[in-house]
Each structure stands twice: as structure tokens, then as C-alpha cells.
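**Q** sequence and predicted structure are below.
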Amino acid sequence: MNWTDERVEKLKKLWSEGLSASQIAAQLGGVSRNAVIGKVHRLCLPGRAKAGGSTTTATRTKRPATSAPRAPNYAARIATRTVTRTTGATVMKEEMEIDAVEDQDVAPVSNVVVPMSRRLALTQLTDRTCKWPIGDPMKDEFHFCGNDSPDTSPYCTFHAKLAYQPSGERRRAR
DNA sequence: CCCTGATTCGC
DNA sequence: GCGAATCAGG
């Protein structure tokens, strides 16, 4: 995958909306979260104040620039590689999620991860259908997931994990 | 262990 | 320029 203008624009948009790198990667497809972060840096986009999943609201400022940025010790890097790989479910999981979304678009039948794919149009959505958008909104094949979603979420259990939840609360679906 | 972003560096 | 590997942290 290469960074077309379209993809860069989407990246900028999602990043500015506060989506995490992995979530953006999942939506763009074909890239890892590392790729997203790397691109963000190359674009000189404003980074997050602090890392960490729990929405660090204006936490401490960045590292003191006085000390060296970092000194990657390649000996140590090699030493920890095996450990990281054994653990490393991160990359694997991302790939699985991306594949699942794409599979749904191509082969809607009998998907283990997403058992049902109804490919609903906007007007077909109900309170109980997943509203996760699939495809390019500007193109004809655009549709919504349409799987059953619990009353507590606008998304099915699969897409709920990918959905961005604003820190406050989700506006009540009307 | 799950996740987050940040950084380095081989390609 | 790209992104995997790694680091650092919640």
C-alpha cells in the first residue's frame, strides 16, 4: 500500500479526531499501526500529549529534551526480540481484524468472526443493526455492516471493539 | 498482558 | 519515504 493523497487525508482526519493509531490502521487497511504512527511523524502532525490507552487528559509534558532522545541498544534489542515475538499478539491481532473486515466485504457468507453480513444501506438501519460503515462513502458500494447490535451499542460486538468512544459519552441515538 | 504513542534505522 | 522492531509507559 502506498500513501495516496486520499489515504493521507483520511489519516489526518482520523488522527485529529483522536482515533488511536491501531484504529486508524484498521480503517485504512493494508497498514500497521506502526506505519500510521510513522506517517504521522513524517507529516509533522501534532502527536498525542502522552501515550497510553486511558485518554491521558493533558498529562505531564513530554520528555525533557535535555537528556538524549534515546539510545537504542542494539545488543539489548536482539536480546529482547524473542521475548517480544512470543508475546507479540499485537501485530497478529491487527492483521486478523483487517482481514475480517475485508472478508466481510468480499465473502459475506459464513464468516466465523462476523457470522452475518447484511450490507445494509443507511435507510435500512434500525436500532438493532450495526452502523459500522464499510467502503468509501462517495462510492456506490458503500454500505453498513448491518449485523445485530446490542441495545447498548450502535455496533455489533465485532465492530464495537474498533469504534471510537468519545471520552464523555455517546450521544443518545435518536 | 492488554494497549498506547515515540523513536531508530535498514531498506 | 516507509514501516518493523523496539522502547517507554498506562
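**A** Looks like it arrived, so ask away.
**Q** domains for chain A, by residue range?
**A** Listed domain ranges for chain A are A:5-43, A:122-173 (source: the TED database).
**Q** and the end-to-end length of the shortest one?
**A** Spelled out, that is domain A:5-43. By C-alpha to C-alpha, to the nearest Å, the extent of domain A:5-43 from end to end equals 12 Å.
**Q** hang on, the earlier thing: mean pLDDT lowest where, among the domains of chain A?
**A** Ranked by mean pLDDT, those bottom out at domain A:122-173, which scores a mean of 66.
**Q** what are the buried residues along stretch A:7-23?
**A** A:7, A:11, A:14-15, A:19-23 (16 or more other C-beta atoms under 10 Å). To be clear about C-beta, it is placed using only N, CA and C from the backbone, and glycine gets the same treatment.
**Q** pick the most deeply packed of the domains of chain A.
**A** Comparing these by mean neighbour count (mean count of other C-beta atoms under 10 Å), domain A:5-43 ranks first with a mean of 16.
**Q** so that domain, near DNA strand C or not?
**A** Yes. Residues of domain A:5-43 contacting DNA strand C under C-beta under 7 Å from any atom of the strand: A:31-32, A:34-35, A:37-39, A:42.
**Q** confirm A:Ile37 sits in a helix?
**A** Yes. The assignment for A:Ile37 is a helix, going by DSSP: H, G, I helix; E, B strand; the rest coil.
**Q** need the nearest residue in space to it, chain neighbours excluded.
**A** A:Ala21 (4.8 Å; C-beta to C-beta, 6 or more residues apart in numbering).
**Q** list phi and psi for that neighbour.
**A** When read as degrees, to the nearest 10, the backbone of A:Ala21 gives phi -60, psi -40.
**Q** if I look at it, how far off is A:Arg48?
**A** Between A:Ala21 and A:Arg48 the computed distance is 9 Å (C-beta to C-beta, to the nearest Å).
**Q** then A:Asn34?
**A** Counting by C-beta to C-beta - A:Asn34 and A:Arg48 are separated by 15 Å.
**Q** can you name the residues that contact A:Val8?
**A** Taking C-beta atoms under 8 Å, 6 or more residues apart in numbering, we find A:Val8 in contact with A:39, A:43.
**Q** in terms of helices and strands, where is it?
**A** helix A:5-16 (DSSP states H and E).
**Q** any residue of that helix up close to DNA strand B?
**A** No. Taking C-beta under 7 Å from any atom of the strand as the criterion, helix A:5-16 and DNA strand B are apart, separated by no less than 7.9 Å.
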